[in-house]
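S.K.: Coordinates only, no sequence provided:
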C-alpha cells in the first residue's frame, strides 16, 4: 500500500464530465489498495473570470480580498470532485487550504508555505476516505486565506505529499510527461522516463512549461518524488527525482525553447566605465528581469549593448531605456520581439567537455545565426532568430542523439504559433 | 452615530454595476457618521448554478460538501463588494461566516445560529472599516462550514445585528417595504411605516414574501428592529418592531394572499372515529404540511374530507392519499390546484369583534364563494377560487379602510401570473 497524492489542473476538472473521469482515476487507485489524496485547481477558466470581475470593480484590488475571492474557485472544484466520488460509492471529504493545514506566511497573492499540519487528512485517510484538497491556497497567522500565486496548485500537491510522507506526488496535466524537446516543434522528441530535479529546473526555467518551477524546487528540497503524467491516459509519465547513476549517462537530457523573451539593443553607447552599471541598475530598479547581456567590441570608443528580458517586462524595460538614453549619451535603441532562446540542458554536461563546440558547429552547419549565448554548469542557451527556433531545436536534438525512432505527427508551427503555445498560462 | 447592519440580496449584487450601487449606499451611511456592516447574498443566480453543478455529479450530494460548495457564492459577492468600497477610497474588509463568528449547530443545509462572536467585526468597525459579511453561512463545532437554508442571509443579518447590538437591521430588496396588500394585485395598497413582529409573521406565513419568516422570528426574540426597504431608492421603507400603542389603532394591518397551496378533497369517506386521524397522521408521516382542514357534514354516514397543503408537497400528498384510500374505504379524491388563500392580518383584531362577519358579508356581496376558513387570534384566512383571488383582496382591502388615495399603475394579473409571482424564490 502506498500513499499517493494526485494533482489535477484546471483543464482536468473543467466540466462535470471531466470531474467524473478524475473521480474514476482516484477510485481505481483506492481499489488498488492505496491511500489517496487529490489536490485540485479551479475549474477551467474560473480564476480568470474571478480576476476579471475584481478588475471591473477595483483597478488595484486589496490583496486580502483578492486571495479570498480566488480561493473560492478551488473550493468549488474540490467539493464537486468529492461529490462525484461519493456518488460512486466511495468515501470522500474535501479540505480547504485551512482544513488541510496548509500554513503560509502572510504574503497575499504569492504566499510561501511554512508548514503542513497533516492531522485532519491523516485521520480521514485512516478511515478509508479519499481526501480532496483545494490547491493554490493556505491560511496565514491571522486566519486569513492566502494564495500561492498562479500555478500554486502544483506546489500545494508537493507540500501535501511532503507533509503526509507520500510515496509519490502525481501531477496530472494535458501532457503525458517531460520530453527531450517540445513534440509540437520537434517531432522526434522522446518522453523521458526519469529526470533529475536539477535538469527539470533548468528545463522549466528555459521555457519547458510542464511543471511549475516552484513545485520542483520544493520537491528537490524535501526529496518528494514527482510523477508528471497525462490526465487523459493511464500511461506512465516521467518521474522527477534525485539524480541517479543511470541518469548521468546522457550528456544532454533535453532541449527547451522559449519565444517569450525580447531583445533590446542600445546603440552608440560611449564605452566608458559605469555605463553598463547605469543601464542595468536602472532596469533592476524598475523590476525588469534581465536574462542575457551582450556587449559588442568597442570601435572608436562607441559600442552597442544588448540584453534580453521576458516579454512581460517589455513596457517597463522600454520606459527605463528611454529614460536613461540621454544620461548615458547613447544614440538610440531598438527592440527585437521575434527571438527565441534555445537551451541544451543536462547534468551530464558537467563531465562532458565539448558540448558548446558541438552545438555551435551544428547550428553553423544549419545556417542558424547565434545572437547571444549564456551558460550554467548544466545548461547552454543560445538566442536565435524566432523564425529559426524550430530548426535549431531539431538539429540540436539530432546532433545530441536525442532523436526517437518514432515520429510525432508532423507539426510545422510558425514562430507565432510556437510563441502562443509557449506563453499559454498554466 | 448609529451602528447599522444592511443586508443586500442576490438581485442587489447580481452584477458589478449593482455592486457599485451597494458600495455607494454603504459609503453614504459611513459619511453620515454611522458604523456600517453589510451582509450579502450570492450574486444573482449563483446558488442555483452551483446546485445544478452538484446535481450533475451526485443525485444526493453529501451535505457537508454541498454547504461548502454553496458558501462560495457569498464569499465571491462579499469580496467584490469590499473591493468596490476600497476603490472609492473607503476601508472595507470581508468576513466569511467563520470570520464573522457565526457559530451554528451541525445541521448542514439548515443550520441554526447558536451564537455570534462579534470581536473581529467590532475591531474592524472601531478602525473605521466597513465590514462586509457573507450571509447564509456559519461554522459548526467541527470547523466545517454550514449553511442556514434558502433565504438564510436575512437571518444572518438579524443575528449579526443582535450580536453587535446594532441600532437597526436594514434589509434591502427589490420591494420598498411592507404593503397593506400586494400592489400588483391591489392597486390601492399602502406602504406601512411600521408593523409589529406578530403581524409581520402572520403576513409572511400567509404569503407575503417580503421578509424571511425565520429572520423575523429571530428579530422578535431578540428585539432587533428591522427596516425593510428598497435597494433602488433612498425612500424610507417599513420598520418591523415591537408592537406600540399607536400601532394598535388599525383593526387590520394588511391582507396577504397565497396561490401556492392546493386543495385535496377525499370523497365518500365513512364517517367513523379515527378515519380523519388515519388520513392526517399518514400525511404527517410523509412530511406533508397540512394547512386547513374542512370536514363536511355527514350524510348517511358518508362524508368528504378536504385539506389544503403547499403546492410543493403535492407529489407526496398525492402518493399518501392514493395509498390510504383503500384503508379508509373512501370512494375517490380530487385535487384543486387553482385556489388562493386570502388572509386578513391585524393585532388589532384581538380587541375588535366582528371582523369575520364583515369579511364574509363583503365577500358575499362580491359573489366570492368561500371554500374554507381558518383563524388565529390575529388572522382570518379564507380559501377562494384562484380566479377570484385578486377581487377578494381588493374588496376586503376597501372594506377594512386600507385603500390609499393614490393608485398604483393598474395591474390586472391572471391567477397564473399571480401564482408565478408569489412562488418566486427569495
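M.R.: Perfect, I can see it now. From a predicted model like this one, the values you see are computed outputs, not experimental measurements.
S.K.: Tell me the confidence at the residue lying closest to residue A:175 once chain neighbours are set aside?
M.R.: Nearest residue to residue A:175, sequence neighbours excluded (C-beta to C-beta, 6 or more residues apart in numbering or on different chains): residue A:210, at 5.8 Å. All C-beta atoms are positioned from the backbone trio N, CA, C, and that covers glycine. pLDDT, residue A:210: 77.
S.K.: Residue A:142 too?
M.R.: pLDDT, read off for residue A:142, is 88.
S.K.: Let me see the mean pLDDT of the longest helix out of those in chain A.
M.R.: Ranked by residue count, the top helix of chain A under DSSP state H comes out as helix A:63-87. Across helix A:63-87, the average pLDDT comes to 96.
S.K.: Quick check: beta-bridge partners of residue A:341?
M.R.: Beta bridges link residue A:341 to residue A:258, residue A:383, judged by DSSP bridges.
S.K.: quick revisit: the residue nearest to residue A:175 against residue A:228, yeah?
M.R.: Yes. Between residue A:210 and residue A:228 there is a contact at 5.7 Å, judged by C-beta atoms under 8 Å.
S.K.: which neighbours do those two share?
M.R.: A:173, A:175, A:177, A:178 (C-beta atoms under 8 Å, 6 or more residues apart in numbering or on different chains).
S.K.: which ones are touching residue A:314?
M.R.: Counted by C-beta under 8 Å, 6+ apart, residue A:314 has contacts A:262, A:335, A:337.
S.K.: who wins for most neighbours among those?
M.R.: Among the contacts of residue A:314, the one with the most neighbours (other C-beta atoms under 10 Å in any protein chain shown) is residue A:262, at 21 neighbours.
S.K.: is it fair to say that residue lies in a helix?
M.R.: No. Counting by DSSP: H, G, I helix; E, B strand; the rest coil, residue A:262 is not found in a helix; it is strand.
S.K.: Quick check: phi and psi on the residue of the stretch 201-350 of chain A found nearest chain B?
M.R.: Closest contact between the stretch 201-350 of chain A and chain B, by C-beta to the nearest C-beta, is at residue A:231 (17.3 Å). Main-chain torsions, residue A:231, degrees, to the nearest 10: phi -80, psi -10.
S.K.: State the distance from the residue sitting nearest the centre point of chain A to residue A:145.
M.R.: Most central in chain A under C-alpha atoms, centre = their mean is residue A:212, positioned 3.6 Å from the mean C-alpha point. In this view, residue A:212 and residue A:145 are 20 Å apart by C-beta to C-beta, to the nearest Å.
S.K.: Residue A:234 now?
M.R.: For residue A:234, the distance to residue A:145 - C-beta to C-beta - is 35 Å.
S.K.: Ok, residue A:96 next?
M.R.: Computed as C-beta to C-beta, the residue A:96 to residue A:145 distance reads 8 Å.
S.K.: hey, what's in contact with both of those two?
M.R.: Listed as contacting both residue A:96 and residue A:145 by C-beta under 8 Å, 6+ apart are A:71, A:137.
S.K.: Tell me which of those two has more neighbours.
M.R.: residue A:145 (28 against 23).
S.K.: re the thing from before, is any part of the longest helix of chain A close to chain B?
M.R.: Yes. Judged by C-beta under 8 Å from any C-beta of the partner chain, helix A:63-87 comes into contact with chain B through A:64-66, A:68-69, A:71-72, A:75-76, A:79-80, A:82-84, A:86-87.
S.K.: Which one of these is nearest to residue A:271?
M.R.: Closest approach between the residues of helix A:63-87 next to chain B and residue A:271, by C-beta to C-beta: residue A:66, at 47.0 Å.
S.K.: Distance check, the closest one against residue A:54.
M.R.: With C-beta to C-beta as the criterion, residue A:66 and residue A:54 are 6 Å apart.
S.K.: Could you list the low-pLDDT ranges of the stretch 201-350 of chain A?
M.R.: A:244-249 (pLDDT under 70).
S.K.: Helices of that one, start to end?
M.R.: A:213-222, A:275-285, A:314-324 (DSSP state H, counting those that start in this stretch).
S.K.: circling back to that earlier point, what residues are shared contacts of residue A:66 and residue A:54?
M.R.: In contact with both residue A:66 and residue A:54: B:79, B:83, using C-beta under 8 Å, 6+ apart.
S.K.: So for residue A:210 and residue A:228, which sits in the more crowded spot?
M.R.: residue A:228 (26 against 23).
S.K.: right, and that one touches residue A:169 too?
M.R.: No. If you go by C-beta under 8 Å, residue A:228 and residue A:169 don't touch, sitting 9.6 Å apart.
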